[in-house]
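this one's structure only:
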């Protein structure tokens with residue numbers, strides 16, 4: 001067998017193992033939901049709910065009928081670019097003169113997730129007082145108009161709040177869709193046209209390709225929504241900025257492999273997220289968080305939304321194996337509920353060690369997260385798909401070793417400073433933790449990527465203003 005065939009068979013085995021992992025997670029979720037269904041059917045509360053369900057349906061149907069009766073007819077859609085193929089090429093853009101940073105999505109929907117964290121920290125970096133090649137203006141869209149987002153910026157960096165005012169598009173403006181732009185392209189289509197009419201360009205930030213590459217890891221609504229967004233974004237955007245080189249390469253390769261229509265000469269670049277947290281000087285953790293790290297047993301921290309790809313079940317299985325082998329340690333999970341999480345949450349809260357050696361905090365703020373980083377023996381990041389991996393760099397910046405899945409983006413971020421284990425392999429994780437505890441393996445936080453959010457903001461401006469793109473598509 002040739003070396004190439006051997007590599008392909010190895011990749012096939014890993015793909016099958018990943019699919020088996022996803023299937024196992026979904027099977028556990030299905031069994032849990034089936035159990036809950038039976039509990040409702042045969043319990044007294046279930047009979048009461050069955051009666052209330054009919055009333056709920058009647059109220060919902062009546063409300064929908066009233067809304068439909070009084071809703072004005074929707075105007076026909078007028079997309080700015082034809083969908084069947086790539087739009088026609090335009091002349092060369094003017095040099096960048098100003099960066100308009102769209103934060104509409106975060107202003108409207110700040111769920112406190114990684115995307116909103118990136119948006120807020122990049123804006124904080126852009127308005128930190130540093131000098132950049134071109135000035136940045138935070139903007140928001142309202143009723144088809146482009147307005148300054150002065151209040152949003154003031155909340156992040158302080159200072160006097162000037163009233164928001166309408167923004168006039170100028171020659172050479174670059175319009176950066178920094179915020180989650182899933183619903184924004186249709187609304188902003190007229191603004192895109194004005195940007196290009198003035199010799200400017202539209203730049204879209206892309207955080208990952210997970211719904212395309214790992215659809216079974218996502219909520220059922222996310223996949224078609226993302227699919228439609230990506231294809232529209234490829235037609236509307238002159239360039240993309242990814243939050244890692246890995247995602248930038250994945251995007252370029254995926255577009256080429258799938259033959260997806262895009263703007264001629266599409267440019268793709270990347271920046272790295274920051275690792276510094278904005279903390280309060282007088283902050284103190286709640287008693288339950290302080291109690292979770294009290295004692296001599298080493299604490300291992302897992303940070304991330306409770307969802308299939310984050311690998312909390314892998315961490316719990318490794319924790320159980322280490323406990324069975326006589327290891328006294330604590331596992332702390334930090335992250336809000338996500339999707340397909342019912343079975344995992346039930347496993348966490350129903351665990352025999354929950355509240356003693358296994359903890360879950362779904363509402364920890366940045367100050368409490370920083371406290372947990374400082375008191376952890378190491379961060380465990382067992383995700384099998386990410387666009388960057390913020391907890392890796394945040395933990396390393398606090399001087400904490402990092403143990404993470406061996407996937408390309410984590411190699412980019414963790415470098416030679418992180419410890420890696422075979423993805424989705426609880427035994428491999430348990431072995432790595434044991435080696436770490438016994439001193440056979442050691443991580444070096446100083447060798448993990450260390451970028452401040454000011455540096456991330458500067459990189460964004462430099463790529464756009466200086467045309468420092470890593471890939472260009474025909």
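Noted; the coordinates are in hand. The shown structure was predicted, so the numbers you read here are calculated from the model rather than taken from an experiment.

What segments of the stretch 351-474 of the chain are strands?
Under the criterion DSSP state E, counting those that start in this stretch, strands of the stretch 351-474 of the chain are mapped to 358-361, 378-381, 402-405, 419-421, 471-472.

give me the low-pLDDT residue ranges for this protein?
Applying pLDDT under 70 to the chain flags residues 1, 5, 10, 19-20, 22-86, 88-89, 111-112.

how far away is the residue most central in space within it from residue 458?
For the chain, the residue nearest the mean C-alpha position is residue 114 (4.5 Å; C-alpha atoms, centre = their mean). Taking C-beta to C-beta, to the nearest Å as the measure, residue 114 falls 21 Å from residue 458. To be clear about C-beta, it is placed using only N, CA and C from the backbone, and glycine gets the same treatment.

thinking again about what came up before, quickly compare the strands of the stretch 351-474 of the chain and say which is most buried.
Highest mean neighbour count of those: strand 402-405, a mean of 28 (counted as mean count of other C-beta atoms under 10 Å).

Note down every partner strand of that one and its orientation.
strand 378-381 (parallel), strand 419-421 (parallel) (DSSP bridges).

how much distance is there from it to the middle of the chain?
18 Å (C-alpha atoms, centre = their mean, to the nearest Å).

And stretch 243-255, by the same measure?
The chain centroid and the centroid of stretch 243-255 are separated by 15 Å under C-alpha atoms, centre = their mean.

Name the residues of that stretch that come out as buried.
Residues of stretch 243-255 classed as buried under the neighbour-count rule (16 or more other C-beta atoms under 10 Å) are 243, 244, 245, 246, 247, 248, 249, 250, 251, 252, 255.

ok so, going back, so what's the residue nearest to the centre of the chain up against?
Contact analysis of residue 114 by C-beta atoms under 8 Å, 6 or more residues apart in numbering lists 207, 388, 390.

Around the second one, how many other residues sit close by?
Burial of residue 388 is recorded as 25 neighbouring residues (other C-beta atoms under 10 Å).

again with the first one
Other residues within reach of residue 207, judged by other C-beta under 10 Å, total 18.

May I have the phi/psi pair for it?
Backbone torsions for residue 207, taken as degrees, to the nearest 10, come to phi -100, psi -30.

Now it: closest residue in space, sequence neighbours ignored.
residue 387 (4.6 Å; C-beta to C-beta, 6 or more residues apart in numbering).

Of the strands of the stretch 351-474 of the chain, give the one that comes closest to residue 3.
strand 419-421 (22.9 Å; C-beta to C-beta).

Return the subset of the buried residues of stretch 243-255 lying in helices.
Among these, the ones falling in helices (DSSP state H) are 245, 246, 247, 248, 249, 250, 251, 252, 255.

From residue 17, how far out is residue 316?
Distance, residue 316 to residue 17, by C-beta to C-beta: 19 Å.

residues in contact with residue 234?
By C-beta under 8 Å, 6+ apart, the neighbours of residue 234 are 255, 260, 261, 262, 263, 266.

where's the closest residue to the second one other than its chain neighbours, which helix or strand?
Going back to what we said before, that points to residue 260. Excluding the flanking residues, the one nearest residue 260 by C-beta to C-beta, 6+ apart is residue 234, at 5.7 Å. Residue 234 belongs to helix 222-236 when assigned by DSSP states H and E.

Tell me if I'm right that residue 203 and residue 233 touch.
No. Counting by C-beta atoms under 8 Å, residue 203 stays clear of residue 233, with 10.6 Å between them.

what about these two, which has more around it?
Taking other C-beta under 10 Å, residue 203 and residue 233 do not tie; residue 203 has more neighbours (25 against 20).
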